[in-house]
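Engineer: Quick one, what's the 3D model for this:
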Amino acid sequence: MPAALASDLDDLNQRFTAALAALEGSLKLPAPDVIELGKRRAALARVTTERVRFVHGRLCPMLATGPTPRHAAAAGQLRERVAAVIAASNRHIGEWSTGQIAADWTGYGAATRAMVAQVRAVLAMERRDIYPLLATVAQGRDAA
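Structural biologist: Numbering: from 1, shown residues only. Presented below is the predicted three-dimensional model:
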């Protein structure tokens, strides 16, 4: 199960990263293409929702039952970091309506780049801290 969980996380993170990259691609335009941007924002919202459900519903519960206190601590830290990024993302979405984006494309670009940087920091923390712990959970379960 933990090996499959890591594989599922990889797949989800690849789709999530692709959606982030697509949104970043929109920011390179001199002016917003609000139709295309809306599609990209919607696609990112869908994969974000799927990812949050996965992290809270599968990944963190698995880590919390890991063989060391470090596993449970990592699950708690991951829950907190994901919740903080989601809260920031929700504020960002609420602040940047289509009209606001059209009125301040440069400001939207700066705010979105900052939001994407927060998300990428969580992904980097997962690679650094969570993936190795999943491997130890897999080894412990396989040995049992």
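
Engineer: Could you pull up the mean pLDDT of the longest helix that the chain contains?
Structural biologist: When the chain is parsed with DSSP state H, its longest helix is helix 69-95. Averaged across helix 69-95, pLDDT comes to 94.

Engineer: by contact count, what packs against the very next helix or strand once past that helix?
Structural biologist: Using DSSP states H and E, the helix or strand that follows helix 69-95 in sequence is helix 98-103. If contacts are counted by 3 or more C-beta pairs under 8 Å, 6 or more residues apart in numbering; DSSP states H and E, helix 98-103 sits against helix 34-54. The way it works is simple: take the backbone N, C-alpha and C, and place the C-beta from them, glycine included.

Engineer: Output the helix or strand following the helix it packs on as CSV, nothing but the C-alphas.
Structural biologist: Sequence-wise, the next helix or strand downstream of helix 34-54 (DSSP H and E) is helix 60-64. C-alpha atoms of helix 60-64 as CSV (Å, rounded to 0.1, in the frame of the first residue of the first chain):
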residue,chain,number,x,y,z
CYS,A,60,-1.5,11.8,6.1
PRO,A,61,-3.5,8.9,7.7
MET,A,62,-0.9,6.4,6.3
LEU,A,63,2.0,8.5,7.7
ALA,A,64,0.3,8.9,11.0
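
Engineer: which other residues reach helix 60-64?
Structural biologist: Here helix 60-64 makes contact (C-beta atoms under 8 Å, 6 or more residues apart in numbering) with 1-2, 5, 71-72, 74-76, 78-79, 130, 133-134, 137.
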